[in-house]
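[1] Below is the structure, and that's it, no one-letter string:
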Ligand code: SF4
């Protein structure tokens, strides 16, 4: 049960991680928790924990149900537990965030700013449709990758999210909508494969503890050398979405600075390995930027790169942000680009992001709004 209880003291320290692209150290502030929260833990681990606390093993299953189905924020809420024991462990952290701000776009998309226990604020987005409820989750606080078109990338980086902080986003949206989450996309703040261990643990928890099918989960990455293979080795059934955004290395480097250290051909080679190792196709995300990567020659170049590749291309017309000068292409331009790819036998679809009005669409997530006084917090 040491995996649940850590022997660390409450402390705030400065730590660092190495940027696997640039090789430079990135300073991060970490708050050392007294104990690892219970959220994100399996029924087996929760059972071991209650036994360690001197309670009968069956209370582990009860605790699991109350955490994942009833959404408790304190063990004190578990009314089927003895009052005396509840009082003893009432301060043991469950790991839930506080809703700091919530806003709804006209299309029903809801953006959440969630306050973590160390005060950082992250974003999650709930995207409802008649058949699905999709949650776009964050995997880091900010993002160190610095993609030129992305609001998150302009806001700096603080730290990786813990497993429970990822799972909490899904529970929060599920509770708020009052219906089951069907799909998850790791397309919020952060580069998931810079936080692979916690993302993989969260995927397992979302699958086993909340009941979301792995095939309904998409992990999106701009590409971190070696990490796509690492993900493949986990033998998960998730969809891998690789943010390509360009049809050649020069253009890609212009949009994604980290691509300089990870040539397009190397990235595509690692993606081919992913297909071989998992038997699953790769989705390539391509943000379409007016007059930059949306010309006929780009479509041709892209089609040549992906010929014979077990893949699917998602074209995402750009969502403007105030921090960058890129423009959204016309519908006609996107249609022509799509048709060109189709003519070359490439599987392609267009995804117009939802939630545009609330800055909840792809590439628009940032917590900076939390710091502005124009948005009144609803809770927390
Ligand atoms: S697009 Fe993704 S990887 Fe790039 S800066 Fe934004 S959040 Fe990070």
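    Nice, I can see it. The structure presented is a predicted model; accordingly, all values stated were derived computationally and were not measured.

[2] Buried residues of stretch 306-315, list them for me.
    Using 16 or more other C-beta atoms under 10 Å as the test for burial, stretch 306-315 gives 306, 309, 311, 312, 313, 314, 315. In this view, the C-beta of every residue, glycine as well, is placed from N, C-alpha and C.

[3] any idea how far residue 187 is from the first one?
    Remark: distance between residue 306 and residue 187 (C-beta to C-beta, to the nearest Å) = 21 Å.

[4] Going by secondary structure, the residue in the stretch 151-300 of the chain that the ligand sits nearest to is in what exactly?
    As assessed by C-beta to the nearest ligand atom, the ligand sits closest to residue 153 within the stretch 151-300 of the chain, at 2.6 Å. Applying DSSP states H and E as the criterion places residue 153 in helix 151-154.

[5] Show me what that helix is packed against.
    In terms of contact count using 3 or more C-beta pairs under 8 Å, 6 or more residues apart in numbering; DSSP states H and E, helix 151-154 is assigned no packing partners among helices or strands.

[6] show me where the stretch 251-380 of the chain has helices.
    264-278, 296-306, 331-343 (DSSP state H, counting those that start in this stretch).

[7] Over to the stretch 1-150 of the chain?
    43-52, 58-68, 83-89.

[8] so residue 241 bridges to which residues?
    According to DSSP bridges, the residues that bridge with residue 241 are residue 220, residue 283.

[9] what about it, neighbour count?
    20 (other C-beta atoms under 10 Å).

[10] My read is that it contacts residue 221, right?
    Yes. Residue 241 is within contact range of residue 221, at 7.4 Å (criterion: C-beta atoms under 8 Å).

[11] and the stretch 101-250 of the chain, which residues reach the ligand?
    Applying the criterion C-beta under 6 Å from any ligand atom, the portion of the stretch 101-250 of the chain that neighbours the ligand consists of 143, 145, 146, 147, 150, 152, 153, 189, 190, 191, 222.

[12] who touches the third one in this structure?
    Shown in contact with residue 146 (C-beta atoms under 8 Å, 6 or more residues apart in numbering): 153, 154, 257, 258.

[13] what separates the third one from residue 146, distance-wise?
    By that I understand residue 257. Shown here: residue 257 relative to residue 146, a distance of 5 Å by C-beta to C-beta.

[14] got a pLDDT number for residue 155?
    Per-residue confidence (pLDDT) for residue 155: 83.

[15] May I have the phi/psi pair for it?
    phi -100, psi 10 (degrees, to the nearest 10).

[16] ok, it - how many residues close by?
    Using other C-beta under 10 Å as the criterion, residue 155 is surrounded by 17 other residues.

[17] Quick check: it touching residue 141?
    No. In terms of C-beta under 8 Å, residue 155 does not count as a neighbour of residue 141; the distance is 9.4 Å.

[18] Which residues are in contact with the residue of the stretch 151-300 of the chain closest to the ligand?
    With contact set as C-beta under 8 Å, 6+ apart, residue 153 has these partners: 143, 145, 146, 147.

[19] which of the residues you listed tops the neighbour count?
    The most crowded member of the contacts of residue 153 is residue 143, carrying 26 neighbours; neighbours defined as other C-beta under 10 Å.

[20] Wait, that one touches residue 190, no?
    Yes. Judged on C-beta under 8 Å, residue 143 makes contact with residue 190 at a distance of 4.8 Å.

[21] Give me the common contacts of these two.
    Listed contacts common to residue 143 and residue 190 are residue 152; contacts here mean C-beta under 8 Å, 6+ apart.

[22] for the contacts of residue 146, which one is nearest residue 206?
    Minimum separation from residue 206 among the contacts of residue 146 (C-beta to C-beta) is found for residue 153, which lies at 25.3 Å.

[23] In CSV: the buried residues of stretch 306-315, plus distance to the ligand and pLDDT.
    Rendered in CSV, the data for the buried residues of stretch 306-315 read as follows (distance: C-beta to the nearest ligand atom, whole Å; pLDDT from 0 to 100):
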residue, distance to the ligand, pLDDT
306, 20, 95
309, 22, 89
311, 19, 93
312, 19, 95
313, 17, 96
314, 14, 93
315, 16, 95
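
[24] any idea how far residue 173 is from the spatially closest residue to residue 116 that is not a sequence neighbour?
    Spatial nearest neighbour of residue 116, excluding adjacent residues (C-beta to C-beta, 6 or more residues apart in numbering): residue 97 at 5.5 Å. Plainly put, residue 97 is 11 Å away from residue 173 if you go by C-beta to C-beta.

[25] Would you mind measuring from residue 41 to the ligand?
    Counting by C-beta to the nearest ligand atom, to the nearest Å, the separation of residue 41 from the ligand is 28 Å.

[26] Touching, that residue and residue 50? I think so.
    No. In this structure, residue 41 is not within contact of residue 50 by C-beta under 8 Å, at 11.1 Å.

[27] quick one, which of these two is more surrounded?
    More crowded of residue 41 and residue 50, by other C-beta under 10 Å: residue 41, with 27 against 23.

[28] Quick check: phi and psi at that one.
    Dihedral angles phi and psi of residue 41 (degrees, to the nearest 10) take the values phi -90, psi 150.

[29] Same question for residue 138.
    phi -90, psi 150.

[30] list the contacts for it?
    Residues near residue 138 by C-beta under 8 Å, 6+ apart: 122, 123, 124, 161, 166, 169, 188, 189, 190, 365.

[31] one more time with 10 Å
    Contacts for residue 138 (C-beta atoms under 10 Å, 6 or more residues apart in numbering) come out as 114, 122-125, 152, 161, 165-166, 169, 186-190, 192, 195, 365, 367.

[32] Ok, residue 269 next?
    By C-beta under 10 Å, 6+ apart, the residues touching residue 269 are 228, 263.

[33] From residue 231, how far off is the residue nearest the centre of the chain?
    Within the chain, one residue has its C-alpha closest to the average C-alpha position: by C-alpha atoms, centre = their mean, that is residue 186, at 2.8 Å. Counting by C-beta to C-beta, the gap from residue 186 to residue 231 is 11 Å.
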